[in-house]
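K.L.:
quick one, fold the following:
(one chain, ligands or ions: 3)
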Amino acid sequence: MSKILVKSLANQKEATQKVENPVRIVDDGKVTPRLLGFGKDKLFYIRTYGCQANIRDEEIMAGYLNRIGMKRTINAEEADLAIINTCAVRENAEAKIYGEIGSFKANYERNKNFMLVIAGCVMEENGVAQELMATYSWISLIIGTHDVPNLLPLLDECLKSKKNIINVRSFAGEVVENMPSMRISPYKAYVNISYGCDKFCTYCIVPYTRGRERSRKMEDILKECQELVNDGYKEITLLGQNVNSYGLDFKDGTTFAHLLEAVAKTGIPQLKFLTSYPSQFSDEMIEIMAKYPNIVHWLHFPVQSGSTNVLSKMGRRYSREEYVEIARKIKAKMPDIGLTTDIIVGFPKETEEDFLDTLSLCKEIEYSAAFTFIYSPRSGTPAARMEQVPEEIQHERFDRLKAVIEDSTAKHSASMVGKIYDILVDGPSKKDENILSGYATNGKLVNFPGPKYLTGCIVKVKMVESHVYYIKGELAEDPIIAKARDVAYLISLDPVVKEYQRLDETLRNSDEIKALGDKLVLAKKNMVLSKGSENYPSAKKDYEDVLNEIKNHPLLNNRDNLSSEVEDLLITIRNILK
Ligand code: SAH
Ligand code: SF4
Ligand code: F3S
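P.N.:
Ligands and ions are numbered 1, 2, ... in the order given. Sure thing, here's the model as predicted:
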């Protein structure tokens, strides 16, 4: 009897079918006793390749494993369950997984209950899952990108049936909410706003691996963002393969600009988004970005090529001129913007002249950084069937492009020297624990000396020495002041403090309370003026009545009760700080 159970197989063609109204499924949080028994005191390890969408999937899968009592380990050798989360965007990304799968054979030999799960975009390619399952007997489960929310039921089925399961549904008809997650950072969070992509650029495999585009409901996204703000997160990055088409599938006038504005209003200190499709970047977007100070002035704006000819073969829906015009508008409104990009060199039929157009565009735009890639044919995509550019030419162009990019990156870094930026501190650098690192609000990496306790704080840093890929800075404020500001911010998020502030505000604006105050002043005046006269006892009683009225007023009472709770909180914090 075969040990392999095939539940569903990847189908790149099926993946491209549009589902008009994807169903919204709410995760019910249930787990079976069998899974709880399996998870108890066990360790999991996840290795993720690829983009932020895969990183977010890792956080969600970790959330599911945590739900059955498992803990994360960063040491692959001690894992009882490991997940390899694969990326298919270029051949070299894909090639890495085979060695990684091989390395887990030792885990299986040590522990026959060890489970290896393969997930991610490569699994959505036709034929790959079957081949892997047939070659590596220690793989327990293979899932596609659409089955991340089904990780636990599928693991349960593996345990119950004692079979190795392939479950890759290439079906983009669901949006799942309420998924658990173990976020990698306690300060920076990724939030999915849409899944999949409808653009079908001719070189790209993403629409086949992630399926057609579907947006999450605005209220679900806002709820997640608000929870992150309340939990003290400092930065949110909204994620979609093409954020600018967010909400268009609702056909009710919703746009990404509306969502971005609503998220900015949650008060998250820093807000970013990835990735923008240039020709869909609207004037409204430029307005919103410029209007809200918490939307950082960094924009990843992938051009792919500077030649209109190549752009058209790539299926990108803009010309060089249109791209340059939108970039010009953005820079005019936000001169301090850091623009970054993705560029593919050696796309099929790219001529020397086309390539020179890419070089001249880079010189014209002056990117603050760029990710450059050699074109990699992806099976099932139209460009893979086009006439390819010889490898030597691709490599030669790649090196020339790199030199131009380094030039503009260095120029951009140099232009920042002397200025002060807000930096969200990621923590001490790996090489030297007295050096902190983080990103400036225009996306540039900054290293500066400072105490470790500033990790997770937003601090003011002056740029002093520019290098190509980073800048050396120095703190532009006393670190204790920066830390105190951070503590004050976190205290202000406490529900008791928030309620106290809200009541205080209501009181200050209440006509009723104002009238009571005036009444008290008048009664006191009458009492003082009538001193020694026969009216005094009744004036005194009037005054005391007003005092009582104030004392027993429900609004004032609430505030007094809360203020003692706030005091308790402050005393606790003072004791912690001691
Ligand atoms: N949705 C995003 C990200 C797509 S993948 C976007 O549209 O920008 C990230 C980058 O990988 C792309 O921008 C592109 O520059 C690069 N890429 C995608 N497919 C590729 C391929 N077949 N060969 C080389 N680079 C590729
Ligand atoms: Fe790929 Fe193009 Fe979609 Fe980006 S916009 S994910 S490059 S198809
Ligand atoms: Fe890779 Fe899939 Fe992202 S192919 S780049 S992990 S969407």
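K.L.:
ok, and the closest non-adjacent residue to residue 346?
P.N.:
residue 394 (3.1 Å; C-beta to C-beta, 6 or more residues apart in numbering). C-beta coordinates here come from the backbone N, C-alpha and C atoms, glycine included.
K.L.:
so residue 370 sits in a helix?
P.N.:
No. Looking at residue 370 with DSSP: H, G, I helix; E, B strand; the rest coil, it is strand, so not inside a helix.
K.L.:
for it, name its beta-bridge partners.
P.N.:
residue 341 (DSSP bridges).
K.L.:
what about it, how many residues nearby?
P.N.:
Applying other C-beta atoms under 10 Å, we find 22 residues neighbouring residue 370.
K.L.:
sorry, back to before: ok, the residue nearest to residue 346 touching residue 373?
P.N.:
No. If you go by C-beta atoms under 8 Å, residue 394 and residue 373 don't touch, sitting 10.1 Å apart.
K.L.:
hey, what's in contact with both of those two?
P.N.:
residue 345 (C-beta atoms under 8 Å, 6 or more residues apart in numbering).
K.L.:
so what's the residue nearest to the spatial centre of the chain up against?
P.N.:
Nearest to the geometric centre of the chain sits residue 190, at 1.7 Å (C-alpha atoms, centre = their mean). Neighbouring residues of residue 190 by C-beta under 8 Å, 6+ apart: 52, 55, 56, 59, 236, 237, 239.
K.L.:
same check, this time on residue 483
P.N.:
For residue 483, the contacting residues are 453, 454, 457, by C-beta under 8 Å, 6+ apart.
K.L.:
tally of neighbours for the nearest residue to the second one once chain neighbours are set aside?
P.N.:
Think residue 454. Leaving aside its sequence neighbours, residue 454 sits nearest to residue 425 (C-beta to C-beta, 6+ apart; 4.8 Å). Other residues near residue 425 come to 26 when the count uses other C-beta under 10 Å.
K.L.:
again with residue 439
P.N.:
23.
K.L.:
look up how far residue 126 lies from the closest residue to ligand 2 within the stretch 351-500 of the chain.
P.N.:
Closest to ligand 2 within the stretch 351-500 of the chain is residue 381: 9.0 Å, counting by C-beta to the nearest ligand atom. Going from residue 381 to residue 126 by C-beta to C-beta, to the nearest Å gives 12 Å.
K.L.:
okay, these two: which has more neighbours?
P.N.:
A direct count of neighbours by other C-beta under 10 Å for residue 381 and residue 126 places residue 381 higher, at 20 against 17.
K.L.:
residue contacts, the more buried one?
P.N.:
Contacts for residue 381 (C-beta under 8 Å, 6+ apart) come out as 202, 203, 204, 205, 208.
K.L.:
mind checking pLDDT for it?
P.N.:
Looking at residue 381, its pLDDT is 96.
K.L.:
give me phi/psi at it?
P.N.:
Main-chain torsions, residue 381, degrees, to the nearest 10: phi -100, psi 150.
K.L.:
picking that back up, among the contacts of residue 190, which lie within strands?
P.N.:
236, 237, 239 (DSSP state E).
K.L.:
before we move on, back to that, buried ones among the contacts of residue 483?
P.N.:
By the neighbour-count criterion of 16 or more other C-beta atoms under 10 Å, these include these buried positions: 454, 457.
K.L.:
format the contacts of residue 483 as a markdown table; extra columns: pLDDT and distance to ligand 1.
P.N.:
Listed next are the contacts of residue 483 as a markdown table, based on pLDDT from 0 to 100; distance: C-beta to the nearest ligand atom, whole Å:
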| residue | pLDDT | distance to ligand 1 |
| --- | --- | --- |
| 453 | 94 | 36 |
| 454 | 97 | 32 |
| 457 | 97 | 31 |
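K.L.:
tell me the phi and psi of the residue nearest to residue 454?
P.N.:
According to degrees, to the nearest 10, residue 425 has phi -80, psi 120.
K.L.:
what pairs with it across the strands?
P.N.:
residue 438.
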